[in-house]
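> Return atomic coordinates for the entry below.
(chains A and B)
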Amino acid sequence: DAKTTQPNSMESNEEEPVHLPCNHSTISGTDYIHWYRQLPSQGPEYVIHGLTSNVNNRMASLAIAEDRKSSTLILHRATLRDAAVYYCILRDGNTGNQFYFGTGTSLTVIP
Amino acid sequence: DSGVTQTPKHLITATGQRVTLRCSPRSGDLSVYWYQQSLDQGLQFLIQYYNGEERAKENILERFSAQQFPDLHSELNLSSLELGDSALYFCASSVSPTSSYEQYFGPGTRLTVT
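Just a heads-up that it's a prediction; the model follows:
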């Protein structure tokens, strides 16, 4: 599976937008980009995923670079509840669905 | 609430013992996955089932086994437990085994081996 690179930690002020970057320079054409987050003492939670085009849902937006070698998860207005570890994951669309989690980005939201 | 349930929530047992962790997927989901999260290894995929059949596995020790039953619930069996097996065990489910679909995770079972 292709690897992803994320910053270990980021901080954001409450009610401000947050841009969480992810580099995936070895992505293949069939890899989907998934984002999950894990709040303290909870299981991972689905956030968003996409293949080529930018995606929006009620939780966040996913901006995918034109060459697909990087992506950015955008939280439009950070709340204290958004403090979590965010994982960027690539999954091959042809081979299966098990996810390989890296170390993720630990997001701290400052009130 | 993801709709995935796991029991028990906590389990404390001694080395050498055997335990069974149970997972009920979301209604309608046919695929079940097991993950282990420990402090030193992070979140690791163990095994995947789809509609009762094993589909993929990785990082799973021979002392561990799993199955998915006709009603789609799954059980993860851990035997000859060692101190290093202490971890959070998560179950996830998805409607399809393909990667275009998201996975929904349960709250986890915290296993402590003493």
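> Okay, now the sheet partners of the lowest-mean-pLDDT helix or strand in chain A, with direction.
Lowest on mean pLDDT, DSSP states H and E among the helices and strands of chain A sits strand A:84-92, with a mean of 90. The strands beside strand A:84-92 in its sheet (DSSP bridges) come out as strand A:31-38 (antiparallel), strand A:105-110 (antiparallel).
> Which of the ones you listed comes out lowest on mean pLDDT?
Mean pLDDT values for the strands paired with strand A:84-92 show the minimum at strand A:31-38, a mean of 93.
> How about residues contacting it?
Residues outside strand A:31-38 that contact it (C-beta atoms under 8 Å, 6 or more residues apart in numbering or on different chains): A:2, A:20, A:22, A:24, A:27, A:44-51, A:60, A:62, A:64, A:68, A:71, A:73, A:82, A:84-93, A:99, A:101, A:104, B:43, B:99-100, B:102-103. Every C-beta, even on glycine, is put in place using the N, C-alpha and C of the backbone.
> residue contacts, the residue nearest the centre of chain B?
Centroid-nearest residue in chain B, with C-alpha atoms, centre = their mean: B:Trp34, separated by 3.1 Å. With contacts defined as C-beta under 8 Å, 6+ apart, the neighbours of B:Trp34 are B:23, B:45-48, B:66, B:74, B:76, B:89-92.
> Any idea which of these the model trusts least?
Lowest pLDDT of the contacts of B:Trp34: B:Phe45, 89.
> Hmm, that one is touching B:Tyr35, no?
Yes: assessed by C-beta atoms under 8 Å, B:Phe45 is found in contact with B:Tyr35 at 5.6 Å.
> in what helix or strand does the residue of chain B positioned farthest from its centre lie?
Checked against the mean C-alpha position of chain B, the extreme residue using C-alpha atoms, centre = their mean is B:Ser100, at a distance of 21.2 Å. In the assignment (DSSP states H and E), B:Ser100 maps to no helix and no strand.
> What of B:Gln44?
Per DSSP H and E: strand B:42-50 holds B:Gln44.
> ok, is that strand in contact with chain A or not?
Yes: with C-beta under 8 Å from any C-beta of the partner chain as the criterion, chain A is reached by strand B:42-50 at B:42-45, B:48.
> I'd like the residues you listed as a markdown table, with neighbour count appended.
Below are those laid out as a markdown table (neighbours: other C-beta atoms under 10 Å in any protein chain shown):
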| residue | neighbour count |
| --- | --- |
| B:Gly42 | 16 |
| B:Leu43 | 24 |
| B:Gln44 | 17 |
| B:Phe45 | 21 |
| B:Gln48 | 27 |
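> Dump the C-alpha coordinates for the least confident helix or strand of chain A into PDB.
This file holds the C-alpha atoms of strand A:84-92, laid out as PDB (Å, rounded to 0.1, in the frame of the first residue of the first chain):
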ATOM      1  CA  ALA A  84      -8.500  14.200  17.700                       C
ATOM      2  CA  VAL A  85      -5.900  12.300  15.800                       C
ATOM      3  CA  TYR A  86      -6.600  12.500  12.000                       C
ATOM      4  CA  TYR A  87      -5.500   9.700   9.800                       C
ATOM      5  CA  CYS A  88      -5.000  10.000   6.000                       C
ATOM      6  CA  ILE A  89      -5.100   6.600   4.400                       C
ATOM      7  CA  LEU A  90      -4.800   5.300   0.900                       C
ATOM      8  CA  ARG A  91      -6.700   2.200  -0.200                       C
ATOM      9  CA  ASP A  92      -6.300   0.400  -3.500                       C
END
